[in-house]
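**Q** Here is a sequence with its predicted model. Questions after.
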Amino acid sequence: MASSSPSPSPSSPAQARGGRNPLEEWSGRVRALEAGFRAWMAKQPIHVEAVVTTAAGAVQGGALGGLMGSITADGGAPWVPPLPPNANPQAMASFKQAQVLAAGPLVQARNFAVMSGTNAGISCVMRRIRGVDDIQGSMAAAFGSGVLFSLVSGMGTPNPVANAISSGVGFAVFQGGFFMIGQRFSKPQGVSEHNYYARTSSMLQNLGLEKYEKNFRKGHLTDHTLPLLTDSALKDVKIPPGPRLIILDQIKRDSGLAKAQ
């Protein structure tokens, strides 16, 4: 009687799941969630996106400020000498700045939450109004965050309005320079920072073709061009025949659903 040989067992959990790496699978799910959230945000009214973006920026800034405040509370900040009673306004302003930098976690969290939330909210509104992330929107957001940071932190004493405006201008100039440097070294000339690829990214993630998102960006195939895509256009951005057919079929299905609704 012939003995049956035992079936080979998978050598790893990844092989048992069809050879997929658990870390890659988890990362893909996270990217899909992010793409879905961006697609949802792109469909919301401007005030909803502004509120959500401002809140997220405030939470991130508050966490960073709290961490910095904890470091200073542990002795990382320089000692602030007492202020003489007859100090001039310039000395008073410098003293207030030193106090802000030496503040505790709660104060730092509040200051950075206001600064980051304001910057994120204004950037969001400017992007929706202008349709692009550019230096004007970046500088406007930095000016607003600088003004509110100065007022909330008390750095503007004894002339709060004048010093707040001065802080806003300083923030705007710094942010404008940083934006120009980033544009020069991180992206080719003429390519905008925000070209509205939210729906495109979400579609490619759902189809398992997220690696071709860079092809869409290189060809400037934004969300607005999705209904216009042809096989020739996808071929021009070097997407292989198989993925081209899948993408065009999905666009056709989405178009049919939209007409049915």
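**A** Perfect, thanks for sending it.
**Q** Residue ranges of each domain in the protein, please.
**A** Domain assignment for the chain by automatic domain parsing gives 44-79+87-186, 198-260.
**Q** Could you identify which of these is most buried?
**A** domain 44-79+87-186 (a mean of 17; mean count of other CB atoms under 10 Å). C-beta coordinates here come from the backbone N, C-alpha and C atoms, glycine included.
**Q** gap between it and the chain center?
**A** Here domain 44-79+87-186 is found 16 Å from its chain centre; the criterion is CA atoms, centre = their mean, to the nearest Å.
**Q** OK, contacts around Thr222?
**A** Applying CB atoms under 8 Å, 6 or more residues apart in numbering to Thr222 gives the contacts 195-197, 200, 216.
**Q** From Ile239, how far off is it?
**A** 16 Å (CB to CB, to the nearest Å).
**Q** do the same with Val161
**A** 55 Å.
**Q** again with Ile46
**A** 33 Å.
**Q** now the chain, which segments are flagged as low pLDDT?
**A** Scanning the chain for pLDDT under 70 picks out the ranges 1-20, 72-103, 131-132, 155-158, 183, 185-195, 257-261.
**Q** Show me where it has its helices.
**A** 13-16, 22-43, 46-71, 89-101, 105-130, 135-153, 160-186, 198-207, 213-218, 231-236, 241-260 (DSSP state H).
**Q** thinking again about what came up before, I'd like the domains of the chain written out as TSV, with distance to Gly36 added.
**A** What follows is the domains of the chain, written out as TSV (distance: least, CB to CB, whole Å):
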stretch	distance to Gly36
domain 44-79+87-186	13
domain 198-260	5
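**Q** Nearest approach to Ser27 belongs to which of those?
**A** Across the domains of the chain, Ser27 has its closest neighbour in domain 198-260 (10.3 Å, CB to CB).
**Q** now the closest one: how far from the chain's centre is it?
**A** Distance, centroid of domain 198-260 to centroid of chain: 23 Å (CA atoms, centre = their mean).
**Q** Repeat that for stretch 30-49.
**A** 12 Å.
**Q** what comes up buried for it?
**A** 32, 35, 39, 49 (16 or more other CB atoms under 10 Å).
**Q** hey, C-alpha coordinates of that stretch in CSV?
**A** Presented in CSV, the C-alpha positions along stretch 30-49 are these (Å, rounded to 0.1, in the frame of the first residue of the first chain):
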residue,chain,number,x,y,z
VAL,A,30,-3.3,52.6,6.8
ARG,A,31,-2.6,54.2,3.4
ALA,A,32,-6.1,53.2,2.2
LEU,A,33,-7.7,54.8,5.3
GLU,A,34,-5.7,58.0,4.8
ALA,A,35,-6.6,58.1,1.1
GLY,A,36,-10.3,57.6,2.0
PHE,A,37,-10.2,60.3,4.6
ARG,A,38,-8.6,62.7,2.1
ALA,A,39,-11.3,61.8,-0.4
TRP,A,40,-14.0,62.5,2.1
MET,A,41,-12.4,65.8,3.1
ALA,A,42,-12.3,66.9,-0.5
LYS,A,43,-16.0,66.5,-0.8
GLN,A,44,-16.8,68.5,2.4
PRO,A,45,-17.8,72.2,2.5
ILE,A,46,-14.9,74.6,3.2
HIS,A,47,-16.0,75.3,6.8
VAL,A,48,-16.1,71.6,7.7
GLU,A,49,-12.6,71.0,6.2
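**Q** Nice, that's everything, thank you.
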